[in-house]
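Chemist: Quick one: sequence and predicted model below, then my questions.
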Amino acid sequence: MAKGDAEDLRRSLRGALREFLGTFDAPTLLTLRGEVQVAERWLEAKHPKEAGVARPAFDAVSRYHAFTTEIEGFAKSRRSAETASLFDLGSVGILAAENILTADKITPMRLLMSGLSEGLMFLASRQYVAGGNEILLATYRTHAVAVQDELWALARDFREDGGLAAIRGARAAIDDLFRRLDDPAIPVGAKTAVLHQLYVLVALVRCAQLLEVLDAL
């Protein structure tokens, strides 16, 4: 019965991810959050040794929701070319769909590294209206350190999976991305858009880790 429950949870979680990746809206995000909560509670009851993987997934999805709510309010109050692309998640969305929804075996480390690469490509390919906004800049500064910590926490989790070389590679990718983001010439709208992509990347990798655990049960 436990095996069947694990399969049911895996199918439900993967379905919630599929719906979320198709819309990136609040209702599907909250559905995904609820599925993670259900999986966490079941793991606590049936497989307590594996339950620890669910809490980071729940926290990541919740932080992503909080960030998007904050930025949506700003974007609605200031409609401009600079804010128009804040929610363009195409690159990360395509990447996640390929790695999470179609792959037989999810590789979270590959997802993380590919996502960081996609973030750099996103930054390089977008054109934004110059000129800052103090409110948005403060939001960026507040969340930039938090996102770096989240990415590094993921890299630490992969120490056994990828070895020292992989961990150093993840650290270098994180540092490289934020060095570019800290360039004063980059408009704050571009900075915030990349943070938005990285928040969703962290949430997707954490959910991928949870799916790995469910796949193994």
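Modeler: In hand now; what should we look at?

Chemist: Quick one: distance of whichever helix in the chain runs longest to the chain centre.
Modeler: Counting residues, the longest helix found in the chain (DSSP state H) is helix 188-216. Its chain's C-alpha centre and that of helix 188-216 lie 1 Å apart, by Cα atoms, centre = their mean, to the nearest Å.

Chemist: in that helix, what's buried?
Modeler: Under the neighbour-count criterion of 16 or more other Cβ atoms under 10 Å, helix 188-216 has 188-214 buried. For the C-beta atoms, the positions are set from N, CA and C on the backbone; glycine is no exception.

Chemist: what helices or strands is it leaning on?
Modeler: helix 2-23, helix 26-46, helix 54-77, helix 81-84, helix 90-96, helix 108-125, helix 134-157, helix 159-181 (3 or more Cβ pairs under 8 Å, 6 or more residues apart in numbering; DSSP states H and E).

Chemist: Please repeat the previous calculation with a cut-off of 7 Å.
Modeler: Secondary-structure packing of helix 188-216 (3 or more Cβ pairs under 7 Å, 6 or more residues apart in numbering; DSSP states H and E): helix 2-23, helix 26-46, helix 54-77, helix 90-96, helix 108-125, helix 134-157.

Chemist: any chance of these in TSV, plus mean pLDDT?
Modeler: Output for the helices and strands packed on helix 188-216, formatted as TSV (pLDDT from 0 to 100):
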stretch	mean pLDDT
helix 2-23	88
helix 26-46	96
helix 54-77	86
helix 90-96	47
helix 108-125	59
helix 134-157	85
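
Chemist: Dump the ones you listed to TSV, plus mean neighbour count and distance to D176.
Modeler: Listed next are the helices and strands packed on helix 188-216 as TSV, based on neighbours: other Cβ atoms under 10 Å; distance: least, Cβ to Cβ, whole Å:
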stretch	mean neighbour count	distance to D176
helix 2-23	16	26
helix 26-46	17	29
helix 54-77	18	22
helix 90-96	19	17
helix 108-125	18	7
helix 134-157	17	12
